[in-house]
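Asker: fold the stuff below for me.
(2 chains)
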Amino acid sequence: GQSLEQPSEVTAVEGAIVQINCTYQTSGFYGLSWYQQHDGGAPTFLSYNGLDGLEETGRFSSFLSRSDSYGYLLLQELQMKDSASYFCAVRTPNNRGNTPLVFGKGTRLSVIA
Amino acid sequence: ETGVTQTPRHLVMGMTNKKSLKCEQHLGHNAMYWYKQSAKKPLELMFVYSLEERVENNSVPSRFSPECPNSSHLFLHLHTLQPEDSALYLCASSPGQGNTDTQYFGPGTRLTVL
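Answerer: So this is what the prediction gives:
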């Protein structure tokens, strides 16, 4: 089966750096994505890694190692508004010829003063 | 705003009721999705439509019936639901179904089944 593992909760101090890890076990792999969801809000896309290495977008960076089936989301200069849930998601083929996104359970990030 | 709207935002229904959830996307995308989000569980893909054709039905019970009349609108018809169907139902769209196609989510409908 397909599974993604990420920590359920993380707490960090405003201005600090936090890393949210994601490990996956899937029968196929076509990239790792990260989504952010604030309470009561819609998930919004943050980043996509199709190849190994680091992708940087402002304060957020995402890393992928396909050989380790592992990735992480790095948030720098944390702000209170970064308090949200963060989901990793993997594109993986199913037996119907499609490659849907399979999501992790999400990591609840709390930024404290 | 992501360009994907959903109505209603909240819905309470009894197990014998029939209701419909509506999703509309203003992004010109070709693919639309229904997801179920329950507490402490990952987002679960329910249905995928590509160019108005259903291409994915992720073993969803028949009490959930999707409809995609055109590429901008997606419905989820509900009937004889169970209390365990209470969840946040999210609609999403994407330009296509390519591996790099980002999904844009609506705000969801919070459904409570009594």
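Asker: ends of stretch A:79-87, what's the gap?
Answerer: 18 Å (CA to CA, to the nearest Å).
Asker: can you list contacts of it?
Answerer: A:6, A:14, A:20, A:34-39, A:41, A:43, A:46, A:73, A:75, A:103-111, A:113, B:42-43 (CB atoms under 8 Å, 6 or more residues apart in numbering or on different chains). (C-beta placed from N, C-alpha, C; glycine too.)
Asker: how about the strands in chain A?
Answerer: Under the criterion DSSP state E, strands of chain A are mapped to A:3-5, A:9-13, A:18-25, A:32-37, A:44-49, A:53-57, A:60-65, A:70-75, A:84-91, A:101-103, A:107-112.
Asker: tell me how far the first one is from the chain's mean position?
Answerer: Mean C-alpha position of strand A:3-5 versus that of the full chain (CA atoms, centre = their mean, to the nearest Å) differs by 11 Å.
Asker: neighbouring strands - and their directions - for it?
Answerer: Strands that pair with strand A:3-5, judged by DSSP bridges, come out as strand A:18-25 (antiparallel).
Asker: give me every residue in chain B lying close to chain A.
Answerer: Neighbours of chain A within chain B, by CB under 8 Å from any CB of the partner chain: B:2, B:4, B:40-43, B:45, B:48, B:55-56, B:58, B:90, B:92, B:97, B:99-100, B:102-108.
Asker: is the residue nearest to B:Thr7 when sequence neighbours are not counted in a bridge, and if so with what?
Answerer: Of all residues not flanking B:Thr7 in the chain, B:Lys22 sits nearest, at 4.9 Å (CB to CB, 6 or more residues apart in numbering or on different chains). Counting by DSSP bridges, B:Lys22 is bridged to B:Thr7, B:Phe75.
Asker: centre-most residue in chain B?
Answerer: By CA atoms, centre = their mean, chain B has its centre lying nearest to B:Trp34, at 2.8 Å.
Asker: now do the contacts for that one.
Answerer: B:Cys23, B:Leu45, B:Met46, B:Phe47, B:Pro66, B:Leu74, B:Leu76, B:Tyr89, B:Leu90, B:Cys91.
Asker: okay, and which of those residues map to strands?
Answerer: Those of the contacts of B:Trp34 lying in strands (DSSP E): B:Cys23, B:Leu45, B:Met46, B:Phe47, B:Pro66, B:Leu74, B:Leu76, B:Tyr89, B:Leu90, B:Cys91.
Asker: which residues touch the fifth one?
Answerer: Counting by CB under 8 Å, 6+ apart, B:Pro66 makes contact with B:Trp34, B:Met46, B:Phe47, B:Tyr49, B:Arg54, B:Leu74, B:Phe75, B:Leu76, B:His77.
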